[in-house]
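Peer 1: Let me see the structure of the following:
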Amino acid sequence: MAGQHMEREARYAQTGLTPVQRDQVIWEWHRRGVSYAAIGKRLGMSKSACKYIYDRLDGKPRQQIRYRMCEECLRTFPKDQLTADRLCSECVDAAEAASQL
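Peer 2: Coordinates of the predicted model:
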């Protein structure tokens, strides 16, 4: 992990820009219609990193919805829809109904 960080810092240093200047360049170039991929190529970074920086400067919240599988029915749900036992509401209701019998 440290090696990747050092490589990234070396690429940034090659541009001669500070992080603030780099963010301004990404903002300006993308506003003028340059793609994230083209910006990233010129600045030595990935297009997803350029998009992340642009979205952060634009005030967009970062998407962090994580999905998990229900332990009972094995369907996928956003993790905030599962209980602490990793069960969906349908499986919880079915378990409660079975326990009342």
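
Peer 1: And for the residue lying closest to Gln81 once chain neighbours are set aside, the neighbour number?
Peer 2: Nearest residue to Gln81 in three dimensions, chain neighbours excluded: Cys88, at 6.6 Å (Cβ to Cβ, 6 or more residues apart in numbering). The C-beta positions use only the backbone N, C-alpha and C, and glycine is treated the same way. Cys88 has 20 neighbours, counted by other Cβ atoms under 10 Å.

Peer 1: pretty sure Cys88 contacts Leu74?
Peer 2: No. Look at Cys88 against Leu74 with Cβ atoms under 8 Å: they stay out of range, at 10.0 Å.

Peer 1: quick one: the strands in this structure?
Peer 2: According to DSSP state E, the chain carries its strands in the segments 67-69, 76-78.

Peer 1: any chance of the ones you listed in TSV, with mean neighbour count too?
Peer 2: What follows is the strands of the chain, written out as TSV (neighbours: other Cβ atoms under 10 Å):
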stretch	mean neighbour count
strand 67-69	13
strand 76-78	13
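
Peer 1: Where do the domain boundaries of this protein fall?
Peer 2: The chain is divided into the following domains under automatic domain parsing: 2-58, 67-100.

Peer 1: now the helices for the protein?
Peer 2: Assigned by DSSP state H, the chain shows helices spanning 2-15, 19-31, 36-43, 47-58, 89-100.

Peer 1: how near is Lys60 to Ala94?
Peer 2: 39 Å (Cβ to Cβ, to the nearest Å).

Peer 1: who's more crowded, these two?
Peer 2: Ala94 (14 against 11).

Peer 1: So for the more buried one, what's the nearest residue that isn't a sequence neighbour?
Peer 2: What sits nearest to Ala94 in space, not counting adjacent residues and going by Cβ to Cβ, 6+ apart, is Glu72, at 7.8 Å.

Peer 1: Next, the one you found: phi, psi?
Peer 2: phi -90, psi -60 (degrees, to the nearest 10).

Peer 1: Begin at 772, not 1, for the rest of this chat.
Peer 2: That works, and once the first residue is 772, the last one we named lands at Glu843.
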